[in-house]
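> need a structure here:
(2 chains)
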Amino acid sequence: MSSRIDNKRLHSAAWRISLWATLAFALGTSLVFAGLHQFVASDIQRRSDAWLSGEIGTLGDVAERTPKDRLYQRVVGEVAELASREVPNKSQDTSHENESVFFLQAGPAGPAKLWVGKGDGTANLAAIRASQVVPGVPFHLNVKGFRLPFRVVASRIDDGSFIYLGLSERDELRVLRDLRVRFLSLGLLIVLFGFGIVFYTTRRMLGHVREITEAASRIGESDLSRRVPTTEYNDEIGQLSRTLNRMLDRIESSVHQLHTITDSLAHDLRSPLTAIRGKLEVSLSEGGQSAQGEPMIVSAIEELDRLAEFLNASLDVAEARADALRLTRSEIDLDEMMRVMVDLYEPGMSERGLRVQLRSGGSVRVFADAALVHRAVANLLDNELKHLPASCTVAIYLQMERGEAVLTVEDDGPGFAAEVQGAMFEQRVKGRGSSGHGLGLAFVEAVARAHGGTVTASNRVEGGARLVITLPCAPESQEQPGQTAAAVAG
Amino acid sequence: MPTTTSMAYALFMQLLLVEDELEIQDFLKTSLADAGYEVDVAADGVTAEKFASTKVYDGLIVDLGLPDQDGIDLILRLRRLGVSSPVMILSARRSVDDRVAGLEQGGDDYLTKPFALAELLARLRNLLKRNAAAGASPTVLQVGDLELDLLRRRASRGGEVLNLSPQEFVLLEYLCRHAGRVVTRSMLLAEVWGMRIQPDTNVVDVHIYRLRGKVDTEGREPLIKTLRGVGYVLKDR
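Predicted coordinates:
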């Protein structure tokens, strides 16, 4: 069980991210440390060398001026001893102070003339003679019997012999070792701490992602109304969850739309189908040939026509709602179209005691799907024709405003009923007295939207309803080849 | 010169019906045969191609949803093979796609299912007629004692000039051109007003009613007859 969790953790993105980040971090700090170490080491050496050069000068002076008598050894020895107390980088611990410095005077051959330091100096002299020495330039010297190397500087004095001052690199190496130890422990601490922070934050972040994944899988399995959790931050994860939620909104509304359509289709199809079936049955039982049978059949056919028409309208609205209307655009003159429309509807209107007026400021060209626009406008006029009480007037205005065609249809009837206000473009919303399917305005709105236009419906202050449709105008003086013509050519 | 029309012209017209649904195939075949057409039936594109390559048809009725291929592709292939007969497209898809619209521009016609049989027959006659008599167009139309002078845009009945509006004249002209044949409301809307709409109100009927008031005045034989659930027909007997 626990190994499974461990395994899971090892495969988690948080683990990998932290590991890589830590690795990069450790590498970076190591580089910084290497640079620092290099700098400190060279600085310590520079100081040691400066000290050596200074002291050898003093010692050389003393050695030259001091008469070579019995006291010589003692005087120079004292000076060398003194110098060794001012050793740079010296530790507080003074127990081995003699070990850190040696002073040697020797000729080109033979034993040492003078030796100050630990031991008898023969090993040192041998080591010096084995290496190449340039006076005044400090050099490294490994001496047999000593664990640590010396930094040595040589100087030639008048009597032809050389004096050598050696400084153990013990202190220098100790400082560097201390530095390394401290840095390593501190670096390790920092790296571990960094790993912890990175692991924690990525885990937290990816935890959100996991929550989103879990929520999304739950949504996929069962409930479309659920949403993935959001964070208050506007970071990538917040954006991801918000985007997902927006997508879910759309999916839910599409599915809801689909449910509404199937529900309403079922509802709207059942009763007419029952009626048609009944009528046909009656006419069949009456013998089919009889005089009563025919009107029954005719009315059944009419009923079927209405059904087909309703089916088409429903699907059109649904398609338009889903922004899936296919547009076959061509340039149409709304002015011309409205004149034909009014011509078509005027007799029907006057039959019902309605007046219709068209006021247009001349040609208004739009680049639109003629069939859809025709049907949308016919829907509006059908609405007026069906719902307006007698002796009302339908006024239609067409004009161009800021590059948009504005078609206003208003009447002086009772206006929109309060109960449908605000939901007029919803499918299936209709006034109480309406006998329609409540698809007309929804279709008009969908068509306008598909063309990049708008529809607003309101009640006029003076009484009556007003509908304003806007459609973007066709680009000026542009020959539109028209998709249909292109399709023929293809 | 005057066009005296009857159902007889449909005789011996050869049609190819491409439809895979048996029910529709059946009733269309029967009805088309009743209307005086000789009909061959193909249930898929391959059979249709075979038929079309062995025989010249006056017209084709093609359903778009064929089992083996898209109806439009079939039509385009037949066109490439040199079949130039007009095509009546039947489609269960509501929104007419661009390609159907394109074919329609080329002189063919389409109907969406469900359609009225009368509508199909009327449009078919229209389609075949348009194809057959694309030549001489008469300047005077005469049906019984109704006479339309197309040049002077004047209609008269029994020598008495009828007071028609330009719109009414166009409507009557369309009815006269299709005298003896059924015209449906959607045909009138498409041909007279140039709109493919299906109003759920009686706007077209009111136009016909008004026209009838001027043409079929009291004491005259009524010429414009209503076929309930179908449309109208103008005939003198």
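
> alpha carbons only for contacts and neighbour counts from here, please
OK.

> By mean pLDDT, flag the weakest helix or strand of chain B.
helix B:98-105 (a mean of 65; mean pLDDT, DSSP states H and E).

> looking just at contacts, which helices and strands does the helix or strand following that helix meet?
Using DSSP states H and E, the helix or strand that follows helix B:98-105 towards the C-terminus is strand B:109-112. Counting contacts by 3 or more Cα pairs under 8 Å, 6 or more residues apart in numbering or on different chains; DSSP states H and E, strand B:109-112 is packed against strand B:87-91, helix B:98-105, helix B:117-132.

> Worst mean pLDDT among these?
Among the helices and strands packed on strand B:109-112, helix B:98-105 carries the lowest mean pLDDT, a mean of 65.

> Residue 14: which element?
Defaulting to chain A. helix A:13-65.

> please go with chain B instead
strand B:13-18.

> Strand partners (parallel or antiparallel) of that strand?
strand B:37-42 (parallel), strand B:59-63 (parallel) (DSSP bridges).

> and among these, the most buried is which?
Highest mean neighbour count among the strands paired with strand B:13-18 (mean count of other Cα atoms under 10 Å in any protein chain shown): strand B:59-63, with a mean of 25.

> ok now do the residue most central in space within chain B, which residues does it touch?
Centroid-nearest residue in chain B, with Cα atoms, centre = their mean: B:Arg123, separated by 2.0 Å. B:Arg123 makes contacts with B:109, B:187, as judged by Cα atoms under 8 Å, 6 or more residues apart in numbering or on different chains.

> what about 6 Å?
Contacts here follow Cα atoms under 6 Å, 6 or more residues apart in numbering or on different chains; on that basis B:Arg123 touches nothing.

> Show me the beta-bridge partners of B:Leu148.
On the basis of DSSP bridges, B:Leu148 is bridged to B:Leu141, B:Ala155.

> Run through the residues that contact it.
Contacts of B:Leu148 (Cα under 6 Å, 6+ apart): B:140-141, B:154-155.

> Would you list the buried entries among these?
B:140-141, B:154-155 (16 or more other Cα atoms under 10 Å in any protein chain shown).

> Can you redo the residues you listed as a markdown table, where the extra columns are pLDDT?
Output for the buried ones among the contacts of B:Leu148, formatted as a markdown table (pLDDT from 0 to 100):
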| residue | pLDDT |
| --- | --- |
| B:Val140 | 85 |
| B:Leu141 | 86 |
| B:Arg154 | 89 |
| B:Ala155 | 91 |
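
> And the helix or strand A:Phe183 falls within, what does it pack against?
Using DSSP H and E, A:Phe183 sits in helix A:170-221. In this structure, helix A:170-221 makes packing contacts with helix A:13-65, judged by 3 or more Cα pairs under 6 Å, 6 or more residues apart in numbering or on different chains; DSSP states H and E.

> Quick check: A:Ser161 touching A:Leu104?
No: with contact defined as Cα atoms under 6 Å, A:Ser161 does not reach A:Leu104; the gap is 10.3 Å.

> Neighbour count for these two, which is higher?
A:Leu104 (22 against 16; other Cα atoms under 10 Å in any protein chain shown).

> where does the more buried one land in three-state SS?
strand (DSSP: H, G, I helix; E, B strand; the rest coil).

> for the one 10 residues further on, same thing?
The assignment at A:Leu114 comes out as strand when based on three-state DSSP.
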